[in-house]
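S.K.: A structural model of the following input is requested.
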Amino acid sequence: MQIPQLECIGYVHNEIHTREQAPKNFDCSEYTGTIEIDPKYLDAMDGIQAGQTIVVLSWLHKADRSVRKVYPRGDRSRGLHGVFATRSPARPNPIAISEFQVLRVEGNILHVKGFDVLNGTPVVDIKKKID
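M.R.: As a prediction, this is how the structure comes out:
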């Protein structure tokens, strides 16, 4: 079966430049920054407003795609687990799921809080958080 190619819709801009700086998860992050959406998707942003929480799917472009087992959150006392049983960034298809609080919207730029991905990370989709 032929799978359609994934298309990047934008990029993350923040102060996280190394994996060591990145929080283990979005729910423990105070990092702010922006998500720059390709202007051709501006109409798809209609309805995103300050105060909302959005779910962002991104491609962890620097992840090791060959890793199959990891220590959850780097804690060796928990033993090795398969990557599908963890939130590890190392996985065959390194798709991240994060939740961001929208601080403001300026054209094709989303100012958000809660980053747990590196600066320059490609964004592949945005969805409304289900309450």
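S.K.: Please make it C-alpha for all contacts and neighbour counts, starting now.
M.R.: Will do.
S.K.: Go through the longest strand anywhere in the chain and flag the buried ones.
M.R.: When the chain is parsed with DSSP state E, its longest strand is strand 95-106. Across strand 95-106, burial judged by 16 or more other Cα atoms under 10 Å covers 95, 96, 97, 98, 99, 100, 101, 102, 103, 104, 105.
S.K.: Contacts only, for the closest residue in space to the fifth one that isn't next to it in sequence.
M.R.: Translated: residue 99. Spatially, and ignoring its direct neighbours in sequence, residue 99 is nearest to residue 55 (4.5 Å; Cα to Cα, 6 or more residues apart in numbering). Counting by Cα atoms under 8 Å, 6 or more residues apart in numbering, residue 55 makes contact with 97, 98, 99, 100, 126, 127, 128, 129.
S.K.: Next, residue 77: secondary structure please.
M.R.: Following DSSP: H, G, I helix; E, B strand; the rest coil, residue 77 is assigned to helix.
S.K.: ok, now how distant is it from residue 86?
M.R.: 15 Å (Cα to Cα, to the nearest Å).
S.K.: The two: which is more packed in?
M.R.: Comparing residue 77 with residue 86 by neighbour count (other Cα atoms under 10 Å), the higher total belongs to residue 86, at 15 against 8.
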